[in-house]
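J.: what would the 3D arrangement of this be:
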Amino acid sequence: MMTNLFSSFDPTSNFYISMNWMSTFLGLMFIPISIWFIPSRLTFLWNTIIMNLHKEFKILISNKKSQGSTIIMISLFLMILFNNFLGLFPYIFTSTSHLIFSLTLSLPLWLSFMIYGWINNTTNMLAHLVPQGTPPILMPFMVCIETISNIIRPGTLAIRLTANMIAGHLLMTLLGNTGSTLNFYMINLLIIVQILLLILESAVAIIQSYVFSVLTTLYSSEMN
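T.: Residues are numbered from 1 along each chain as shown. Alright, predicted model coming up:
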């Protein structure tokens, strides 16, 4: 039994199973093997999504030497998307609502971008610390501000994804717990509100995975 509302996000509280993190890989199990061999409408939709993402990330990167990195960003988008949608199903652990998961994605990517940028494009990285048109008197302050904004980037990426996942799930849980105290008409209204919230959460799942991958692509484009 959960001790508090936030226990629903505890990896060890759901039926006391310590392997809840295995839900991160459930998305791969839901994809039938035949999708890779037999052309279908699902395959066409899959390819259309991937090609559109490739075109958009290609424009954001805008560097011919880094075009292959769009595959990494598309894989990142699909992985987060799968985990966000799996969290909408009952009794499935939502891994994207944890900073451990989101920081594991954002921190290594940001660190690799920083190391690559400072080693290969040191002049360009120093130029990013002082925006164009900054008055000379404000340059020391702008260097401090830009440095801090660069350092907190992986944290903001991770917290944005985690907070959006937690907020929707908590709201649905709070409303769902009031069902036993409502009359017949209010329960019908509650069901309609829960369906609308579920549709909203589905949209948030797509938007947050897209925002995470786009911002990561933008950060990588600054290193070139």
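J.: from here on, just use CA atoms for contacts and neighbour counts.
T.: Fine.
J.: phi first, then psi, for Asn121.
T.: Its backbone dihedrals place Asn121 at phi -130, psi 60, with angles given as degrees, to the nearest 10.
J.: Met22 now?
T.: Backbone dihedrals for Met22, given as degrees, to the nearest 10, come out at phi -70, psi -20.
J.: against Phe30, how distant is it?
T.: When distances are taken as Cα to Cα, to the nearest Å, Met22 and Phe30 turn out to be 13 Å apart.
J.: and His128, by the same measure?
T.: Using Cα to Cα, His128 is found at 43 Å from Phe30.
J.: my read: Phe57 touches Tyr219, true?
T.: No: counting by Cα atoms under 8 Å, Phe57 sits too far from Tyr219 to count as a contact (11.7 Å).
J.: looking at these two, which is more packed in?
T.: Here Phe57 and Tyr219 are set side by side on neighbour count (other Cα atoms under 10 Å), and the busier one is Phe57, at 22 against 19.
J.: just the CA trace of the one helix or strand the more buried one maps to, in PDB.
T.: With secondary structure defined by DSSP states H and E, Phe57 is part of helix 41-61. What follows is helix 41-61 as a C-alpha-only set of coordinates in PDB (Å, rounded to 0.1, in the frame of the first residue of the first chain):
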ATOM      1  CA  ARG A  41       0.600   1.200 -43.600                       C
ATOM      2  CA  LEU A  42       2.300   1.100 -40.200                       C
ATOM      3  CA  THR A  43       5.700   0.800 -41.900                       C
ATOM      4  CA  PHE A  44       4.800   3.700 -44.200                       C
ATOM      5  CA  LEU A  45       3.800   5.800 -41.200                       C
ATOM      6  CA  TRP A  46       7.000   4.900 -39.300                       C
ATOM      7  CA  ASN A  47       9.200   5.900 -42.300                       C
ATOM      8  CA  THR A  48       7.200   9.100 -42.800                       C
ATOM      9  CA  ILE A  49       7.800  10.200 -39.200                       C
ATOM     10  CA  ILE A  50      11.500   9.300 -39.300                       C
ATOM     11  CA  MET A  51      12.100  11.100 -42.600                       C
ATOM     12  CA  ASN A  52      10.300  14.300 -41.400                       C
ATOM     13  CA  LEU A  53      12.300  14.200 -38.200                       C
ATOM     14  CA  HIS A  54      15.500  13.700 -40.300                       C
ATOM     15  CA  LYS A  55      14.700  16.700 -42.400                       C
ATOM     16  CA  GLU A  56      14.100  18.900 -39.500                       C
ATOM     17  CA  PHE A  57      17.100  17.800 -37.500                       C
ATOM     18  CA  LYS A  58      19.200  18.200 -40.600                       C
ATOM     19  CA  ILE A  59      18.200  21.800 -40.900                       C
ATOM     20  CA  LEU A  60      18.900  22.500 -37.200                       C
ATOM     21  CA  ILE A  61      22.400  20.900 -37.300                       C
END
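J.: so how far is it from its chain's centroid?
T.: 18 Å (Cα atoms, centre = their mean, to the nearest Å).
J.: same for that helix, what does it pack against?
T.: When contacts are defined as 3 or more Cα pairs under 8 Å, 6 or more residues apart in numbering; DSSP states H and E, helix 41-61 packs onto helix 70-86, helix 184-221.
J.: having no further points to raise, I will conclude here.
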